[in-house]
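Student: Just a sequence and a predicted model for now, questions to come.
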Amino acid sequence: MTTIMVLGAGYAGLRVVKKLAHAKTDAHIVLVNQNEYHYESTQLHQVAAGTKEPADVVFDLRKSLPDSVELIIDKVVGIDQDNRKVSLEHHDPLSYDYLVNALGFESETFGIKGAEEYGWPLVDVDTALAARKKLEQTLARYQTSHDPLDLSIVVCGAGFTSIEYLGELVYRLPQLSKRLGFPMDQVKVDCIEASPKILPMFSKDLVDWAVDYLRKRGVNFHTSTPITEVRQDAVVSNDQEFKAHTIIWTTGVRGSHVIADSGYNQKRNRVVVRDDLSVEQHPEEFLVGDVSAVPDPQSGRLYPTTAQISMAQADTAAANVLARMRGQEPQRFTFRSLGTVCSLGPHDGVAEIDRMGTLKLKGKVVSVLKWIVNERSVLELADVRTMLESN
């Protein structure tokens, strides 16, 4: 029997499995994932800020998978492409006929000294909870320490995750001030970004609105400020120091280290794939999500790795696995963004929607749109009951 193996149960991997199972192929479908649950990575910033609990952003894989899919809970440690085997931490190596690699992302430190030791990343449920615990414990400590650095927070990076985290943070800080007894007027929040602008995927008017929204709530932005070192109580940019006892690291992500460890031709653990999402010289293997690098045929630049594009890749990868099995020609991957939605706390945000032209939105209407996007994701990857239970 043909074995189709899918690595990772994020947006892309889980969608591939669902598509293959619904195709009613007689192949043996195996899903390998490190955890027994899927988590909504686009909502980790809310867990880190404390506006959502882990139960709000996870669901049980076994309950959501079709019975025909075998689920193996283990950590992938290596891929032998030539012999078509996957090595796991606690199981014997597994063989496959077709492989869909959707192993996901890790925090990117860019080799900056101290970033890994002293920055708190937001890459999974555990790291988001750890960042939340660090934030709350440090703020609470001010009552006895009276150290102003306990009320200082530095967010490294001004991309999508950073801005969404800042939105949740400034929304929750007044609540934490009342509960933990620290003076809100002495809280200091700095956001440090190497490039000259934040949220480069948005138009200037929406970026200006988002920046103004966060500045009015106490966020200090420092653009064109490359980070050169991170220390236990400071972020350094050449001759500048931004002192704080809470340092949130959201400068970017790279693909899973398993990619480099397994000898792929990669950059930042991302592999440039063929136009059908397969790997050069390995037509039986497809890479999707954060471990893949897909060139835009019009611009030549690589598409950004987002949940939206990951799910689109999943559809193509699943269709192409089936095509290969049936001796048919695979299809080319094509993508058109539906738009981008960035929340600024639970009740505000900015968005650009691509429907018959670009529709620009800002303010409270965006929070409704963000809710629809999140719930649609759960509905497509799990089922109606899971979607209702997550609210």
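Tutor: That came in fine, so what should we check first? Numbering: from 1, shown residues only.

Student: so where's the stretch 1-150 of the chain shaky on pLDDT?
Tutor: For the stretch 1-150 of the chain, applying pLDDT under 70 flags no range at all.

Student: at 90 what do you get?
Tutor: By pLDDT under 90, the low-scoring segments of the stretch 1-150 of the chain are 24-26, 64.

Student: And the stretch 151-300 of the chain, by the same measure?
Tutor: In the stretch 151-300 of the chain, residues with pLDDT under 90: 200-201, 295-300.

Student: can you pull the contacts of the most centrally placed residue in the chain?
Tutor: For the chain, the residue nearest the mean C-alpha position is Ser41 (4.6 Å; CA atoms, centre = their mean). Shown in contact with Ser41 (CB atoms under 8 Å, 6 or more residues apart in numbering): 10-11, 104-105, 123-124, 307. For glycine as for every other residue, the C-beta is placed from the backbone atoms N, C-alpha and C.

Student: Sitting in strands, which of those do you find?
Tutor: Phe105 (DSSP state E).

Student: of all the contacts of Ser41, which comes closest to Asp60?
Tutor: The closest of the contacts of Ser41 to Asp60 turns out to be Gly10 (CB to CB; 15.2 Å).

Student: So what does the closest residue to Thr316 other than its chain neighbours have for phi and psi?
Tutor: Residue nearest to Thr316 in three dimensions, not counting chain neighbours: Phe333, with 4.5 Å by CB to CB, 6 or more residues apart in numbering. Dihedral angles of Phe333 (phi, psi; degrees, to the nearest 10) stand at phi -80, psi 130.

Student: which residues does Phe333 contact?
Tutor: With CB under 8 Å, 6+ apart, Phe333 has these contacts: 275-277, 294, 312-313, 316.

Student: cool, and Arg270?
Tutor: Taking CB under 8 Å, 6+ apart, we find Arg270 in contact with 254-255, 259, 290-293, 302, 305.

Student: Please apply the same query to Ala293.
Tutor: Per CB under 8 Å, 6+ apart, neighbours of Ala293: 267, 270-273, 302.

Student: who's it bridged to?
Tutor: In this entry, Ala293 is beta-bridged to Val272, by DSSP bridges.

Student: Could you pull out the strands in the stretch 151-300 of the chain for me?
Tutor: Using DSSP state E, counting those that start in this stretch, the strands of the stretch 151-300 of the chain run over 152-156, 188-192, 219-222, 229-231, 234-237, 240-243, 246-249, 253-255, 271-272, 278-279, 282-287, 292-293.

Student: Give the buried residues for stretch 249-265.
Tutor: Using 16 or more other CB atoms under 10 Å as the test for burial, stretch 249-265 gives 249-256, 258-260, 262, 264.

Student: Would you check which pair of these lies furthest apart?
Tutor: Thr250 and Ser262 (27.0 Å).

Student: which two in the contacts of Ala293 are spaced the farthest apart?
Tutor: Going by CB to CB, the pair spanning these furthest: Lys267 and Val273, at 12.7 Å.

Student: When these two are compared, which one has more neighbours?
Tutor: Neighbour totals were compared for Lys267 and Val273, and Val273 leads with 23 against 14 (other CB atoms under 10 Å).

Student: Val291 is in contact with that one, correct?
Tutor: No - Val273 is beyond contact range of Val291, at 9.4 Å (criterion: CB atoms under 8 Å).

Student: count of neighbours near Asp275?
Tutor: Asp275, neighbours per other CB under 10 Å, totals 14.

Student: could you measure it against Asp190, distance?
Tutor: Distance from Asp275 to Asp190, counting by CB to CB, to the nearest Å: 43 Å.

Student: Please apply the same query to Gly289.
Tutor: Counting by CB to CB - Gly289 and Asp190 are separated by 32 Å.

Student: again with Lys134
Tutor: From Lys134 to Asp190 the distance is 16 Å (CB to CB).

Student: which residues touch Thr225?
Tutor: Contacts of Thr225 (CB under 8 Å, 6+ apart): 192-194, 237, 240.

Student: try 10 Å this time
Tutor: By CB atoms under 10 Å, 6 or more residues apart in numbering, Thr225 lies in contact with 158, 190-196, 235, 237-238, 240, 242.

Student: Check Asn83 too.
Tutor: For Asn83, counting by CB under 10 Å, 6+ apart, the contacting residues are 93, 95.

Student: Can you classify it as helix, strand or coil?
Tutor: coil (DSSP: H, G, I helix; E, B strand; the rest coil).

Student: And the helices in this protein?
Tutor: Under the criterion DSSP state H, the chain contains helices at 11-22, 44-49, 54-57, 61-64, 115-118, 125-145, 160-180, 204-215, 257-261, 307-325, 365-381, 384-389.

Student: Buried deepest among those, which one?
Tutor: helix 44-49 (a mean of 27; mean count of other CB atoms under 10 Å).

Student: Just list what it packs against, helices and strands only.
Tutor: Here helix 44-49 touches helix 54-57, strand 120-121, helix 125-145, helix 160-180, strand 246-249, going by 3 or more CB pairs under 10 Å, 6 or more residues apart in numbering; DSSP states H and E.

Student: looking at the ones you listed, which is closest to Gly111?
Tutor: So among the helices and strands packed on helix 44-49, strand 246-249 is nearest, using CB to CB, at 13.3 Å.

Student: Give the partner strands of the closest one in its sheet and their orientations.
Tutor: Paired neighbours of strand 246-249 in the sheet (DSSP bridges): strand 120-121 (parallel), strand 152-156 (parallel).

Student: Make sure Ala27 is actually in contact with Glu70.
Tutor: No - contact criterion CB atoms under 10 Å: Ala27 and Glu70 do not qualify, at 11.2 Å.

Student: The two: which has the busier surroundings?
Tutor: Ala27 (18 against 13).
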